[in-house]
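Q: Return atomic coordinates for the entry below.
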Amino acid sequence: MIKSAQKRKQRKFRFTAPMHERQKFANAHVSKELASKLGIKRRSMQIRKGDTVKVMAGDNKGKSGKVNDVNLLKGTVSVDGIIRKNAKGKEMPIPISASNVYITEVDTTDKARQAKIDSFKRK
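A: Residues are numbered from 1 along each chain as shown. Now for the predicted structure:
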């Protein structure tokens, strides 16, 4: 991560960051109920495909659904059921910024993800 306090360097870092660094930008807050259920002390964690999220800002505020896609290049997620029609009438997913959602359920089918969540547990 960058240590400079200059805004131009901060912006340049975010826009030119490699993909493994951009993964850290795709974090979202964890609901209090989920944090207590999992027993974690973290405020936020990385969003993955299969997680259930709730939209907290924008036109779709209050809607929830499963994450279909996480776009690290743009820092957005597409949520199942949140769509719009384009000019040709085709339904397209609405990209939502990762900072505008919070995680209500996590997909723990992956053993590596479960191990990562266990490492966040309160000690």
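
Q: Give me the below-cutoff pLDDT ranges for the protein.
A: 1, 122-123 (pLDDT under 70).

Q: Just the helices from it, written as ranges.
A: Here the chain has its helices, by DSSP state H, at 7-16, 19-22, 32-38, 111-119.

Q: Give me whichever of those is most buried.
A: Mean neighbour count, computed with mean count of other CB atoms under 10 Å, is highest for helix 32-38 among those, reaching a mean of 14. Every residue, glycine included, has its C-beta placed from N, CA and C.

Q: Tabulate the CA atom coordinates of it in CSV.
A: Extracted C-alpha coordinates of helix 32-38, given in CSV (Å, rounded to 0.1, in the frame of the first residue of the first chain):
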residue,chain,number,x,y,z
LYS,A,32,-23.5,-7.2,13.0
GLU,A,33,-25.7,-10.3,13.1
LEU,A,34,-23.3,-12.2,10.7
ALA,A,35,-20.3,-11.0,12.7
SER,A,36,-21.7,-12.3,15.9
LYS,A,37,-22.8,-15.6,14.3
LEU,A,38,-19.4,-16.2,12.8
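
Q: sorry, back to before: can you list the helices of the chain in CSV and add distance to residue 77?
A: Output for those, formatted as CSV (distance: least, CB to CB, whole Å):
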stretch, distance to residue 77
helix 7-16, 17
helix 19-22, 13
helix 32-38, 17
helix 111-119, 16
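
Q: quick one: which of those helices is nearest residue 98?
A: Shortest separation from residue 98 across the helices of the chain is recorded for helix 19-22, at 10.4 Å, computed as CB to CB.
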